[in-house]
Structure formats: structure tokens, C-alpha cells
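> Structure, please.
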Amino acid sequence: MPTDPSAWWASCWNHLTLYYQVDPLVFAALYALKSVVFCWTLARIVALVRRRCFQPIPALALLNLSSTLSPWTYVWVFGRNLPEWYTAWLGMILVLGLGWLVWSVRLRLRRSRGLVGVLVGAASGEEPA
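Presented below is the predicted three-dimensional model:
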């Protein structure tokens, strides 16, 4: 491992371009764009929570997840010689994010229909209010 920062950067650049066959400039551009979208969606979600307006939050969470995964998906689609754990890691993040999104949307739908109290009451053997 080189100790000089410029030699380290050249080593990383060569490894990305030659071994993984990924353009580091495209990755850096996607990462910079991801950072802007990530910060904007987080600020928007915080503002919506403060106003207690929860309706658009799942859509913003999906936008946040897709922007977060975009540079890493670029490497997965166009890269070569990637280790197996990379695919597993990317899939795990995608499954966890989409699972949370589906769970939160279903919970909101149940709450809006008034079914949460019915499900809790039915499970405990009590009459729903």
C-alpha cells in the first residue's frame, strides 16, 4: 500500500479502471448527485415530520434509497471481476429498503382504514372500540 497520497490515488484509480473496468469519473459524478438528492430528501422528510404530514414520506424514502444505491448499482452493472459479497451486499440493502417501504405503506393504509385497532383487539380477544 503506497504511503504517498498521490500514489495511493493513482493506485485506486488504476484498480478501478483496469481491474473492475469502471470509470471512476462516472462513479464520482453519480456519488456527488446521490449526495445532493440524499441530503434534500432527508431535509424534506424532517420538515414533513415536523408538520406531521406523513403521506409523501414513503415516496421520498424510495427516492432516497434509489439515489443511495445508484453509484453502487453502476459498479454492479458495468463492473467486472466483482466479488460475490458485493452482489449480496447490494441485494441486502435493496431488500431491506424495499421491505421497510412496503411495511410502512401497509401500516399507514391499515391506520387510515382504522384496521390497526381491530387487529389488536381481535388478537387479544377484546371487542374493538
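
> Not counting sequence-adjacent ones, nearest residue to the spatially most central residue of the chain?
Centroid-nearest residue in the chain: Leu65, 2.6 Å away (criterion: C-alpha atoms, centre = their mean). Closest residue in space to Leu65, ignoring its immediate chain neighbours: Gly97 at 4.1 Å, by C-beta to C-beta, 6 or more residues apart in numbering. (Glycine included, C-beta is placed from N, CA and C.)

> these two touch, right, that neighbour and Pro58?
No: using C-beta atoms under 8 Å, Gly97 makes no contact with Pro58, being 11.2 Å away.

> What average pLDDT does the longest helix seen in the chain get?
Criterion DSSP state H: the longest helix present in the chain is helix 84-113. Averaging pLDDT along helix 84-113 gives 86.

> just how off-centre is that helix within its chain?
Distance, stretch centre to chain centre, for helix 84-113: 9 Å (C-alpha atoms, centre = their mean, to the nearest Å).

> Could you do stretch 64-79 as well?
The answer for stretch 64-79 is 10 Å, by C-alpha atoms, centre = their mean.

> Per-residue confidence, Ala10, what does it come out as?
According to the model, Ala10 carries a pLDDT of 84.

> in which helix or strand would I find it?
helix 5-14 (DSSP states H and E).
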